[in-house]
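Engineer: this is the structure alone, sequence omitted:
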């Protein structure tokens, strides 16, 4: 039995990138090497260059089938099998065969050739892959009926991307190398838009990258390779279900985005008994966020979390691990040993580990309280050391007491007092000093077991001992207070620096200040109100509704939900409220500036209107007045021809004046937002033909290419006709002599496009927005051009019908105006806009 043939597929992002050409070039190369190559089927699509490439090949005749009276040519499998070449060239792998063929799809025909031991080289576009069909439709708006199953393409022995940059493909299309001339404009403006081609190209490259990646993983599995190969960045984010998850995911997504083709994976480790405490709602939200960021979510079971994370990271060939800094405090960390982060760093090997800070971290930025020098926990610990350590020390010293040990006994108790002072501050130290003095007198100074002192020198020594203990306590307490103040000053500085950084990075100043206020004072929630308006909020209010209010400027109030602030903390709060007041004032000024801008624009329009009226309205008015004056003065002395000429001049001038005033009224309605629009289903042809008649444009001036199969659009027929009239008038005015303006219609998804194409001078890209500004002519000094309202009205009318008017370059030079309107039946009627 012959070995199965090999399948090689040339994958393209769009028609015209050169797949068929590349297939024929490869066939020519193989033939030159002595291989037996035939053309089983090649679709030239009328391209002379492709047809020329088939010269010199043996071409297998096609099978002829008749369907509904139409003769169709398909791949003749039996002839190719009978010929049995070494290599067969078969174009368009996703093609659907004509009814009556042996197989429904061409890829099934290719399977028969492969089973017969014939190597096949074929082509396919990315939009025909089944799993990407809906993605391509969302990008291009064009559904694809011919698809190929993913597993067929993945089973190919070799898949290559025939790549061409989007602009190069558009240039090839403009040059007539892909489609005939009559289809170029519609193709460039619909399927072959630059954004569409860029997205399709990326889709094709990513699909192939995934296939290469899978092949690499299969190779690693087959050869037992466990070390990380950094072929692409794979960022694994660890999720615990805690509040820090969203922060970690966004950080991981940014890391993955820094490299082309970076991949984001999120993993949650659960225990075998399922008893590990997590917040299921938070974990569900984070899983949804992973999908929004374009990543994938995974869950693994493991009792040893660091080991499970490292094993998962190595299994997916991860290059980087992102974890959150521990939520444990310093004391807890000291008692329980190194956390997950430290263990991960040790186990990760060549996988980079990012430990990210977050709001829930044990060492987050919270202002230290300065109401006391030491915390109450340290004071309790100091009293405990004094209470327990004093009796123990006494028991030890009494057991070895003699006349020579008094000095060492005093120093021992002095050491105890210093230790208590270091731990608990002044009050526990004072307690320890007094108690140790009494203990020394009672147990170690004669007479024993009384509080009397026989020797005055001993009394002085006891007093000095207590004084020294008190001084040591004061020094320790002062040092603790100074350290606390220094930490607070550093934290306040960090707080202000963080707020400034948030503002500079683009985060709203008001929201940044509110967020940092809540974090700094450890509050449950903070709300900023101006009157009854909630401007910004952070956190949640307390269940009991308890809060304190502080004024912010003249109108604002800051609600703090949480514990009362100490006097020292209110000083910093005053700084924050002052910054909030300044931020609110800046916001008000920005809003005022935005409100002034329309007034300035209106003033510019008014100035332009007065300037235009001074000439354009006066000209037809003067012509009409002159004509009527001539009729009145000359009277019966005028000949019939002169009288008719003056009447025609007056009629034309008054008509021009009436049109100018109508345009002025329309543009004023547009700017006031009171344009009346009544939409209904309209056939574009029913609007375009009357527009041509109104302008008296015949076939010598305008070429009409209307798609009669298109559904009606949802539009106001009167306004749509005005749009077409204005666009045609503008195009014919600028079209060079001897050229025709082209009007065409086409469909794109749920929109219908009317295109008015001229080959005039066009408009520079940086001036295109200016053509839609009223009273602008872009240097046009022709007195017959009117007030420069035509395109402004056309754009306003189109947008009033839920449409758009967009200028584009005409291939070869010129301007193409594209009116896009919704298909009737998909939108509700718009009234009174």
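Structural biologist: That came through fine. What you are looking at is a predicted structure, and each value in this text was computed from that prediction instead of being measured.

Engineer: ok, now how distant is the residue nearest to residue 149 when sequence neighbours are not counted from residue 744?
Structural biologist: Counting by C-beta to C-beta, 6 or more residues apart in numbering, residue 149 lies nearest to residue 130, which is 5.3 Å off, once chain neighbours are set aside. In short, each C-beta sits where N, CA and C put it, glycine included. Look at residue 130 and residue 744: by C-beta to C-beta, to the nearest Å, they are 33 Å apart.

Engineer: tell me which of those two has more neighbours.
Structural biologist: residue 744 (22 against 15; other C-beta atoms under 10 Å).

Engineer: so how far is residue 393 from that one?
Structural biologist: 103 Å.

Engineer: report the rounded mean pLDDT for the helix or strand containing residue 586.
Structural biologist: Residue 586 belongs to helix 567-612 when elements are defined using DSSP states H and E. What helix 567-612 shows for mean pLDDT is 68.

Engineer: ramachandran angles for the residue nearest to residue 556 when sequence neighbours are not counted?
Structural biologist: Of all residues not flanking residue 556 in the chain, residue 530 sits nearest, at 4.8 Å (C-beta to C-beta, 6+ apart). The phi/psi pair for residue 530 (degrees, to the nearest 10) reads phi -120, psi 100.

Engineer: can you check what pLDDT the model gives residue 70?
Structural biologist: 76.

Engineer: beta-bridge partners for it, please?
Structural biologist: Judged by DSSP bridges, the bridge partners of residue 70 are residue 67.

Engineer: any chance you could map the helices in the stretch 301-450 of the chain?
Structural biologist: Counting by DSSP state H, counting those that start in this stretch, the stretch 301-450 of the chain has helices at residues 305-315, 330-336, 340-347, 376-399, 406-424, 426-443.

Engineer: likewise for the stretch 101-250 of the chain?
Structural biologist: Here the stretch 101-250 of the chain has its helices, by DSSP H, counting those that start in this stretch, at 106-115, 133-140, 150-154, 166-174, 181-189, 194-222, 245-257.

Engineer: for residue 695, find the nearest of these.
Structural biologist: helix 181-189 (21.2 Å; C-beta to C-beta).

Engineer: tell me the mean pLDDT for that closest one?
Structural biologist: 66.

Engineer: least confident of the helices of the stretch 301-450 of the chain, on average?
Structural biologist: Here the lowest mean pLDDT among the helices of the stretch 301-450 of the chain goes to helix 330-336, at a mean of 47.

Engineer: which residues touch the nearest residue to residue 63 once chain neighbours are set aside?
Structural biologist: Setting aside the residues directly before and after it, residue 63 is nearest to residue 76 in space (C-beta to C-beta, 6+ apart), at 3.9 Å. Taking C-beta atoms under 8 Å, 6 or more residues apart in numbering, we find residue 76 in contact with 60, 61, 62, 63.

Engineer: drop anything exposed from the residues you listed.
Structural biologist: 60, 63 (16 or more other C-beta atoms under 10 Å).

Engineer: go through the contacts of residue 76 and name the one nearest residue 233.
Structural biologist: Among those, residue 60 lies closest to residue 233 (C-beta to C-beta), at 47.4 Å.

Engineer: what sits against that closest one?
Structural biologist: 38, 39, 40, 41, 76, 79, 80, 83, 88.

Engineer: the helix or strand harbouring the third one: how far from the chain's middle?
Structural biologist: The one in question is residue 40. Counting by DSSP H and E, the element that carries residue 40 is strand 37-41. The chain centre lies 47 Å from the centre of strand 37-41; the measure is C-alpha atoms, centre = their mean, to the nearest Å.

Engineer: tell me the mean pLDDT for whichever helix or strand comes after that strand?
Structural biologist: As assigned by DSSP H and E, the chain's next helix or strand after strand 37-41 is helix 48-53. Helix 48-53 shows a mean pLDDT of 84.

Engineer: which parts of helix 48-53 are buried?
Structural biologist: 50, 53.

Engineer: can you list the helices and strands that that helix packs against?
Structural biologist: Counting contacts by 3 or more C-beta pairs under 8 Å, 6 or more residues apart in numbering; DSSP states H and E, helix 48-53 is packed against helix 19-32.

Engineer: between the helix it packs on and strand 37-41, how big is the angle?
Structural biologist: 150 degrees (axes from the mean of the first three to the mean of the last three C-alpha atoms, to 10 degrees).

Engineer: gap between helix 19-32 and the chain center?
Structural biologist: 42 Å.

Engineer: re the thing from before, strands paired with the strand holding residue 40, and their directions?
Structural biologist: Note on strand 37-41: by DSSP bridges, its sheet partners are strand 58-59 (parallel), strand 87-90 (parallel).

Engineer: and those strands as CSV, adding mean neighbour count, mean pLDDT and distance to residue 389?
Structural biologist: Shown next, in CSV, are the strands paired with strand 37-41 (neighbours: other C-beta atoms under 10 Å; pLDDT from 0 to 100; distance: least, C-beta to C-beta, whole Å):
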stretch, mean neighbour count, mean pLDDT, distance to residue 389
strand 58-59, 12, 91, 104
strand 87-90, 25, 94, 93
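
Engineer: adding distance to residue 795, write these out as CSV.
Structural biologist: Formatted as CSV, the strands paired with strand 37-41 follow (distance: least, C-beta to C-beta, whole Å):
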stretch, distance to residue 795
strand 58-59, 53
strand 87-90, 49
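
Engineer: between the ones you listed, which gets nearest to residue 824?
Structural biologist: Between residue 824 and those, the tightest spacing by C-beta to C-beta is seen for strand 87-90, at 42.5 Å.

Engineer: who's in contact with the closest one?
Structural biologist: By C-beta under 8 Å, 6+ apart, strand 87-90 touches 23-24, 27, 30, 35-42, 57, 60, 75, 80, 106, 109-110, 113, 118-122.
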